[in-house]
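1. all I have is the shape, not the residue letters:
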């Protein structure tokens with residue numbers, strides 16, 4: 001009782017307010033992660049699950065994964081997809097943020113319009129792009145034929161050479177508003193007096209950009225890139241609706257391959273192992289980001 005009374009004292013009010021969130025995280029995040037980790041160390045399929053047989057096999061599932069050509073292709077696709085989306089989302093978002101940082105009449109209206117792709121549900125966006133790049137009825141093929149850039153329709157989503165490109169374009173479209181808004185917000189925190197002082201000292205626009213804008217915007221840029229990496233690396237619904245990982249596994253990501261192993265092939269342990277590899281990579285990125293942030297605060 002004395003321990004409880006000490007804990008419920010006024011100075012522990014912050015811990016009491018955080019307690020419900022901690023319990024929620026333990027139950028709905030911690031337990032599934034631990035359960036998934038244990039599942040990946042067992043041999044569980046639809047065949048032995050009905051018999052209640054769960055054999056502990058250690059890291060055999062992980063060894064099997066790294067000898068699986070489809071898994072290695074999915075890992076490479078995930079890295080290609082993530083890096084490509086990050087580069088184009090960031091560059092286009094940065095340009096738009098610089099443009100919206102200028103004072104003009106419709107700046108707020110344009111910001112609101114830019115948020116529409118971010119607000120539309122992912123599955124709806126996937127269906128829109130699936131129709132846009134459809135072989136026979138797609139708007140993209142119609143426009144390209146109209147301007148005589150192509151003579152016959154391109155199989156955008158059914159060809160292994162172009163399917164990943166279309167998926168990347170769709171995800172870049174979704175991610176541009178996120179980058180634009182965060183970078184635009186970061187630009188508003190830079191004091192205007194710095195630019196005025198630089199202009200008085202004879203600094204050009206490019207010199208102000210490289211010596212004032214980029215250095216002061218560094219924390220925002222780091223946050224945007226890390227959050228963008230996390231969101232993009234675990235994308236599932238967009239790819240599943242547009243291509244389901246095909247054709248010929250050319251657009252399989254770790255998330256879609258984990259789903260396929262678990263709920264199409266019913267290899268639950270293998271699917272859990274794929275998900276844990278994805279989680280481990282994201283965890284490493286998060287740790288690196290925290291170290292960089294802490295080091296920046298110390299400096």
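-> Everything's here; your move. Owing to the predicted nature of the structure, the values given are computational and were not obtained by experimental measurement. Numbering: from 1, shown residues only.

2. hey, let's count contacts and neighbours off CA atoms from now on
-> Noted.

3. in a strand, residue 58, correct?
-> No: counting by DSSP: H, G, I helix; E, B strand; the rest coil, residue 58 falls outside a strand, being coil.

4. all strands for the stretch 1-150 of the chain, in order.
-> Per DSSP state E, counting those that start in this stretch, the stretch 1-150 of the chain carries strands over the ranges 42-43, 55-56.

5. which of these has the lowest mean pLDDT?
-> Sorting those by mean pLDDT places strand 55-56 lowest, at a mean of 83.

6. show me the contact partners of that one.
-> Residues from elsewhere that reach strand 55-56 (CA atoms under 8 Å, 6 or more residues apart in numbering): 41-44.

7. how far is that strand from where the chain is centred?
-> Chain-centre distance of strand 55-56: 34 Å, with CA atoms, centre = their mean, to the nearest Å.

8. so what strands line up beside that strand?
-> strand 42-43 (antiparallel) (DSSP bridges).

9. and residue 297, what pLDDT?
-> Confidence score, pLDDT, at residue 297: 61.

10. coming back round to it: name only those of the contacts of strand 55-56 that count as buried.
-> 41-44 (16 or more other CA atoms under 10 Å).

11. wait, which of those residues is closest to residue 266?
-> The closest of the buried ones among the contacts of strand 55-56 to residue 266 turns out to be residue 44 (CA to CA; 8.7 Å).

12. contact partners for that closest one?
-> The contact partners of residue 44, by CA under 8 Å, 6+ apart, come to 53-55, 267-269.

13. state the distance from the residue lying closest to residue 136 once chain neighbours are set aside to residue 135.
-> Closest residue to residue 136 apart from its sequence neighbours, by CA to CA, 6 or more residues apart in numbering: residue 153 at 6.9 Å. Relative to residue 135, residue 153 is positioned 6 Å away (criterion: CA to CA, to the nearest Å).

14. over to residue 158?
-> Shown here: residue 158 relative to residue 135, a distance of 8 Å by CA to CA.

15. between those two, which one's more packed in?
-> residue 135 (19 against 16; other CA atoms under 10 Å).

16. give the contact list for the more buried one.
-> Under the criterion of CA under 8 Å, 6+ apart, the neighbours of residue 135 are 141, 153-157.

17. sort out for me which of those are in helices.
-> Within those, residues falling in helices by DSSP state H are residue 141.

18. quick check: residue 251 is in a strand.
-> No: Residue 251 sits outside any strand when classified using three-state DSSP, being coil.

19. hmm, it is touching residue 166, no?
-> No: here residue 251 does not reach residue 166: they are 10.0 Å apart, not a contact under CA atoms under 8 Å.

20. below-threshold pLDDT in this protein: ranges please.
-> Where the chain drops to pLDDT under 70, the residues are 1-13, 51-52, 296-299.

21. between the strands of the stretch 1-150 of the chain, which one is closest to residue 256.
-> strand 42-43 (20.6 Å).

22. contact partners of the closest one?
-> Outside strand 42-43, the residues that touch it by CA under 8 Å, 6+ apart are 54-58, 61, 269.

23. neighbour-wise, which of residue 251 and residue 166 wins?
-> Neighbours per residue, other CA under 10 Å: of residue 251 and residue 166, the larger number sits with residue 251, 32 against 20.

24. stretch 197-217: end-to-end distance?
-> Using CA to CA, the end-to-end distance of stretch 197-217 comes to 18 Å.

25. check which helix or strand covers the residue nearest to residue 39 when sequence neighbours are not counted.
-> Nearest in space to residue 39, with sequence neighbours left out and distances taken as CA to CA, 6+ apart, is residue 269 at 5.5 Å. Per DSSP states H and E, residue 269 falls inside helix 268-298.

26. now for that helix, which elements pack on it?
-> Contacts defined by 3 or more CA pairs under 8 Å, 6 or more residues apart in numbering; DSSP states H and E place helix 268-298 against helix 31-40, helix 60-65, helix 214-233, helix 254-259.

27. what are the buried residues along it?
-> When neighbours are counted by 16+ other CA under 10 Å, the buried residues of helix 268-298 are found to be 268-279, 282, 286, 289.

28. what of stretch 216-224?
-> Applying a neighbour-count criterion of 16+ other CA under 10 Å, one finds 216-217, 220-221, 223-224 buried in stretch 216-224.

29. and that stretch, how far out from the chain middle?
-> 17 Å.

30. can you tell me what sits against it?
-> Contacts for stretch 216-224 (CA under 8 Å, 6+ apart): 179, 182-183, 186-187, 190, 289, 293.
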